[in-house]
Each structure stands twice: as C-alpha cells, then as structure tokens.
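1. sequence and computational prediction follow.
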Amino acid sequence: MTWLLLTPALLLMALIFGWPMLRYAWLSFHANSVLTGLVPVANGGANWMRLLADDRFWQDVLQTSRFALVSVTAELFLALLIALLLDQRWRGRGAVRALTLLPWALPTTMMALGWRWIFNTPYGPLEAVAGFVGLGPLNLMASPQWTWLATVVADVWKTTPFITLILLAGLQTIPADLYAAFRLEGGRSIQALRDITLPLLLPYILLSLLFRLAQAFGVFDLIQVLTGGGPAGSTESLALYAYFNAMRFLDFGYSATVMLGGFLLLSLSILLGALALRLSGALRPLQP
Amino acid sequence: MTIGRRTLAALLGLTLLFSFGLAWSGQRQIQRVNILMPAPFADATAELVQRFNRDHRGSIALRVTRGPRDTESISDLAISSLLLGSPPFDALLMDVTWLAKYAAAGWLEPLDSYFEPQEIDALVAGARLGNHYDGVLYRWPLIADVGLLYWRKDLMEAPPRTPDQLSSVGRRLMDDGAVNSGFVWQGRQYEGLSCDFVEMLSAFGGNWLNPQTGEPSLNSSEALEAVGWMRSLIRDGISPKAVTNYSESESLQAFKAGDAALMRNWPYAWAELQKPDSAVRGQVGVTLMVHNAGHQPAATLGSWGLSLLKGSDHPQAVIEAIRFLTSPDAQRERFRNQGYTPTDRSLFRDPEMLELSPILPDLEQALTHAVPRPPTPLYAQLSDVLQRQLSGVLTDDLAVDQAMNKAQINSMTIVEAAGGAS
C-alpha cells in the first residue's frame, strides 16, 4: 500500500530528475557537437578523460566551491543575527521584516546589473567612496585575485533574506516558556542562545545550508551578468563553463560531462559531510 | 418556439458556404515571414517593415521579432530555437562570427541561387567578407562594420600611425593635462577583446591563424610583441587600469565625456559622439588602427547579415523581404536615421550621403582593410581560450610569453580534437 501511494511522486521524480540525469550520463559518453553535425556518436570515455585532464574544469571546481562556501557561510552568520533581531519585539518590526525580503524578491539579473554599476571603475559609487577615503582606484572588477569577492558580496546581499526567513520561522517554533524556565534557573541570555536557541534551530540551519549550497554550486545568472566569468576566467563557475560548451561551442557531449562531473563531486562532498556530521554526533538533537 | 425546417436548411447552407469560403481563401494564404533581429536593428527597420507590408498586402506579411540587445544573448535565443527543430523564424540577422558554426550545424539555407555574382561585386570590399562558408553563400549583408580608431581633432594635428606614436601622443596629452587617459579600448574578457587583438596583432605583422597551415600562431614573436604592447598601454598608464573591464559602451562613455584622446570602437560610435550631450561633438576624426611600417593595418570585420533558415515554408517570400531590407534605399534610410554603415559601394560616393556624414571616405578606406576573425565553426572556443589568457596578461596576472604559450597550446588542442587544421 505504501508503495502504491508513493508511485505518483516517484514517477514524477523519475520524469523530472531521473530522466534528465540518465540522458546526461548517456550524452557524456558521446561526441555530440557542431563537428559531428549535432548527431551523437559514441566515443567511449573520451569526454571523461578530457574532463580529468581539463585544468579549466578543476579550476572552476575550486572557484565554484570557494564562492559557495564563503558566501553561504557569510549568509548564515548574517541571517542568524538578523533573524534574532527580527524575532525580538520592537516597534516597526513588521515593516522591517517585509523590507528585508526585498533583495530576495528582485530578479537576479537585475540586481547583478545594479552591482556591476556599483563596482564600476571609475564611475561607480564604490570607487567614489574608495577615492574619498584615499584608497585610490580599486579596479575591483579587473583583478583576478579579488573580483570573486564582488560576486560573493552580491550573492550575500541577495540571498541572506532567504536564510533569514527560514531561521525566523525556526525561531518562532521555540516555545517561550523554555526561555522563561531558563531565566528562572538564573541562566544568562548568551547561554540561552547556546543551550536553547542554536540546538533547536539546528534543523533549520541545516535545511537552509542544504538549499543554499545546492543553489550556490549551480550559480549561473549572477556570474554571467556581473563578470561573465572574467577577469582571466577567475570567477567562472561550473554552470557557466557547461553553458559555454553547450550554447557557445555547440559541444553538448562535453557540456553534459562537465555538468555531471560537477554534480558527482558535489554529491560526494555532501555525502562525506553528512557522514562526518553523523559520526561527530552533531546531529544528536535531531534524533527522535 | 420551434425552428422551421426551412430555417434549419438555410442555416446549414450558409455554414457550408462559409466553410467553402474559408477553404478557398486558405488557398491563397498570406505568406508570413518572421525575422529575428537584435532589438536595435529591429527598431531601425520598423518603418521599412511597414512599407514592405503595405506594398505586399495580401501576399506577404513581414514581421521582425525584437530579440535581446546583446550579441551573445541573441545567439543563445536563436540556437535554443534551432536546436528544438522547427524554429518560429524564417530568417535570422547574424553576426559575422556565427556564420561558420551555424552553417556547419546545418541550420542555414544556401543563398547562391538567389543572388547574382554582380550583386556581390556591387558590395563595398568589407561587406563581401564573412558571408561564405566552404565557398557557399549563406548570408546577405545588412550592415557593414569594422573596427576604427577615433581621434580628437582638437588635441592633435593628425592621428598617430604607429603603436609607438600612439603611446607617445597619449602620454604627452596626459602630461599636458588635456585628458585623463591617452587611449581607451575593450579589455574586458569578452569577444570585444578578441576584436581589438586582431587589429593590434596585425599592427605587428602577426596572424591569429597561420595563413599557410591554418594552424593557430598565437605564440609567434609578432603575437608576443603585440600583446606586450597591449599590456604596456596599461602598465604605462596610457590606458587606465579600468580598461581591463571595459566593453564598447564604457570606452565610448569615457571618450564621449572628453576623458580620452583616442578610442578604438565601431562606426556606430560616431553618431553617438555627434549628439548634443557629447563633450567632443564635431572634434572627432576616424581612421585606421595604428600599425608598424611594412605591415598591413587591419580593421576587424564586424557586420551583420540576413540568413535564410532551413525549413522555412516559403523561401521565395523570405528572399524578397531580405532584398527589400538590404536595398540601397533601405541602407540610405538606416544610415540617415541610425548611422548604420551601408554595404553598397556606390553609396559611399553619393553626394547626399557624403553630406550626411564626412567620415564615409574614412569608413570605405577602413572597409578595404577589413580582416575577419578565423572563419571556423570552432571560432567561439578559439576566441574563448584567447580571451582568458589575454585577460590574464592585461590584469597583470600572467607573463606575456607564458600566457600566449598557454593560449597556443589550448588552441592547438581544440583544432587537433577537430581533426587537424581548420
């Protein structure tokens, strides 16, 4: 009976997730490019051998991971602070809660264009401020060492509200009498944060981490509009590289390999992360 | 109330008559032609389309679909619809760099049977390039386009001719405080950087692909010299550091504001510089990019043209629309209203046209030096690996020889994977 009820959901999953993955896997063992007249021709493991030897793929793996880890970490800390603040009672809280959602509601391409202007040299406001305090022209968007930080800043600005929302929802599920009892026992608020809030919030933190990491590893639109992958390829993400291969180079076999390679690496690291969490016992509060 | 048999029969009769009428009118159906263009070109042809539809009422209905403004975005849109099989478009306005790729993918219909050789001869030199792949005509030019050097007539007697002259005149004008920057161009990691590179490479006598073997020659001594010069422009401050993130629009902005003495850009910039909000209105000349003595100057071939897509239901009607949109009258109108460079040779000598724009002779001269980017289906890959390395050099991340060796190796890998020289 269980399986019967699950069937529609499983079928849907197979259709929207399973089939494309299988198709990608199949494509990754074929040459299918403008040179083959866009007809798939089996080429054994040639695409995968090329992937292993492709500096650019590995560089993009590192760059995408750096982007994802740094921006999601920053977002989590900021979101926690903001959520704690928005959970307190104060005048005008409702309006501020609504306003914090604004960046999240903006289309990514539009906000990326906005940031491109903010970081623009020499006409952007960032340069104006830097010039005012005597830091001279920063040329943030033309520095292979630092441009990735601009993508992180834009991403943090945009998606912190998303984590804030999840954490705020989590905070509201914590019963107020827990804090009251804690205070009666003479506990201080910083201890309450450590002993009550954070442990009970953990499922929500993990949930938002999962959502955001998956999203950040697949980052495309923000990078495409803000930097186009430059300068010197220093901000290119895996999704951008796969897109270049498919839409610009018309090499669908290799594009599928890049995407799948990235997916496998991500799955592997999530699996290892989950295993480490389980072994370390950090998930104990979650167990029933 | 009952409906009489007679009424019913009459109704039935009328219905029958009506459907016959529909079927008959379907016989001489209007031929719908849909052309995809980037928004600025679509806007520039709006009036022409209206006129075409007025003249062809009842036979052809032409529609121009406004696509995205950005060259890469519109290519993405076109490719997505082409990949799905039956594109909703009959023709496409194509950038010169797409041609080989689209033709090799089998998306384009040959045009040789529709256009006469004399018609090709009537085109200005630069407009004759970039329309063929493997000797087959796939594109009919709508707009000629080449890279130009813009110079400030109020700051110098004559434009610089050699790379050294350019550097020194830029430096002098900056030292005098006349401008903030000597020379602005396109240094962002994108296609514009490849366009600039083609011109500067030629200035030092180099070629992207070796003309004999067809193989990449990006680490030739000429190429190293050219890239070294590009980097020195930024290192010596003749071009601002920000140039490494400039596309055409940022360069134009700086030059239009009077911040720079020289600019590399396309012909469209001239009309922009004559607008009332321009600080350099009436003080701008155009010429060919600088080059060392003994070498050919090069103007990178841009240009847009119309291609007939495979699978169009009524190619004859599409060709009629293409002929109309590319006719000398249409070119004259686009030149007058939007400043788009014509493709018909005779228009460059036309007194009315010359009155509209004093730079037409300079444009014609530049068009005779038009140099296409490598016309291979693999161009996008080749350009991409080059841009990455150039961007690395310009942002001071990489040494010139190291970067160009890398670009050479990566380009060779691409060409070899495709089965030898392209």
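-> Everything's here; your move.
2. most proximal residue of chain A with respect to chain B?
-> Closest contact between chain A and chain B, by Cβ to the nearest Cβ, is at A:Gly230 (3.0 Å). Where you see a C-beta, it was placed from the backbone N, CA and C, and this is true even at glycine.
3. count the neighbours of that residue for me.
-> Using other Cβ atoms under 10 Å in any protein chain shown, A:Gly230 has 27 other residues around it.
4. and for A:Arg66?
-> A:Arg66 has 14 nearby residues by other Cβ under 10 Å.
5. ok, B:Gly228 next?
-> For B:Gly228, the neighbour count with other Cβ under 10 Å is 16.
6. contact partners for it?
-> Each residue near B:Gly228 by Cβ atoms under 8 Å, 6 or more residues apart in numbering or on different chains is listed here: B:Val400.
7. and it, what helix or strand is that in?
-> Using DSSP states H and E, B:Gly228 falls within helix B:221-235.
8. alpha carbons of that helix, as PDB, please.
-> In PDB, the C-alpha atoms belonging to helix B:221-235 read as follows (Å, rounded to 0.1, in the frame of the first residue of the first chain):
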ATOM      1  CA  SER B 221      57.200  36.600 -31.900                       C
ATOM      2  CA  GLU B 222      54.800  39.100 -33.600                       C
ATOM      3  CA  ALA B 223      52.000  38.000 -31.300                       C
ATOM      4  CA  LEU B 224      54.200  38.300 -28.200                       C
ATOM      5  CA  GLU B 225      55.200  41.800 -29.300                       C
ATOM      6  CA  ALA B 226      51.600  42.800 -29.900                       C
ATOM      7  CA  VAL B 227      50.400  41.500 -26.500                       C
ATOM      8  CA  GLY B 228      53.400  43.100 -24.900                       C
ATOM      9  CA  TRP B 229      52.400  46.400 -26.400                       C
ATOM     10  CA  MET B 230      48.800  46.000 -25.200                       C
ATOM     11  CA  ARG B 231      50.000  45.400 -21.700                       C
ATOM     12  CA  SER B 232      52.400  48.300 -21.800                       C
ATOM     13  CA  LEU B 233      49.500  50.600 -22.600                       C
ATOM     14  CA  ILE B 234      48.000  49.700 -19.200                       C
ATOM     15  CA  ARG B 235      51.300  49.400 -17.300                       C
END
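9. which parts of that helix are buried?
-> Neighbour-count burial for helix B:221-235, counted by 16 or more other Cβ atoms under 10 Å in any protein chain shown, picks out B:222-231, B:233-234.
10. and the most centrally placed residue in chain A, how close does it get to B:Lys101?
-> By Cα atoms, centre = their mean, chain A has its centre lying nearest to A:Ala216, at 1.9 Å. Applying Cβ to Cβ, to the nearest Å, the value for A:Ala216 to B:Lys101 is 32 Å.
11. neighbours around residue 202, how many?
-> All of this refers to chain A. With other Cβ under 10 Å as criterion, A:Leu202 counts 16.
12. oops, chain B please
-> 24.
13. then B:Asp277?
-> Neighbours around B:Asp277, by other Cβ under 10 Å: 8.
14. do A:Glu127 as well
-> Per other Cβ under 10 Å, the neighbour tally for A:Glu127 reads 21.
15. what's the nearest residue to it if we skip its chain neighbours?
-> Distance criterion Cβ to Cβ, 6 or more residues apart in numbering or on different chains; nearest residue to A:Glu127, sequence neighbours excluded, is A:Thr121 at 5.3 Å.
16. checking my notes, that neighbour in a helix, right?
-> No. Counting by DSSP: H, G, I helix; E, B strand; the rest coil, A:Thr121 is not found in a helix; it is coil.
17. would you mind confirming that it is in contact with A:Leu140?
-> Yes. Counting by Cβ atoms under 8 Å, A:Leu140 is a contact partner of A:Thr121 at 7.2 Å.
18. identify the residues contacting A:Arg97.
-> Residues near A:Arg97 by Cβ under 8 Å, 6+ apart: A:86, A:168.
19. cutoff 7 Å now
-> A:Arg97 makes contacts with A:Leu86, as judged by Cβ atoms under 7 Å, 6 or more residues apart in numbering or on different chains.
20. how about it, phi and psi?
-> As for A:Arg97, its main-chain torsions (degrees, to the nearest 10) stand at phi -60, psi -40.
21. let me see the contact set for the residue in chain B that chain A sits nearest to.
-> With Cβ to the nearest Cβ as the measure, B:Gln189 is the residue of chain B nearest to chain A, at 3.0 Å. Applying Cβ under 7 Å, 6+ apart to B:Gln189 gives the contacts A:228-232, B:387-388, B:391.
22. try B:Tyr379
-> Taking Cβ under 7 Å, 6+ apart, we find B:Tyr379 in contact with B:97, B:100-101, B:373.
23. tell me the residues of chain A that contact chain B?
-> A:34-35, A:37-38, A:121-122, A:137, A:139, A:141-144, A:228-233, A:244, A:247-250 (Cβ under 7 Å from any Cβ of the partner chain).
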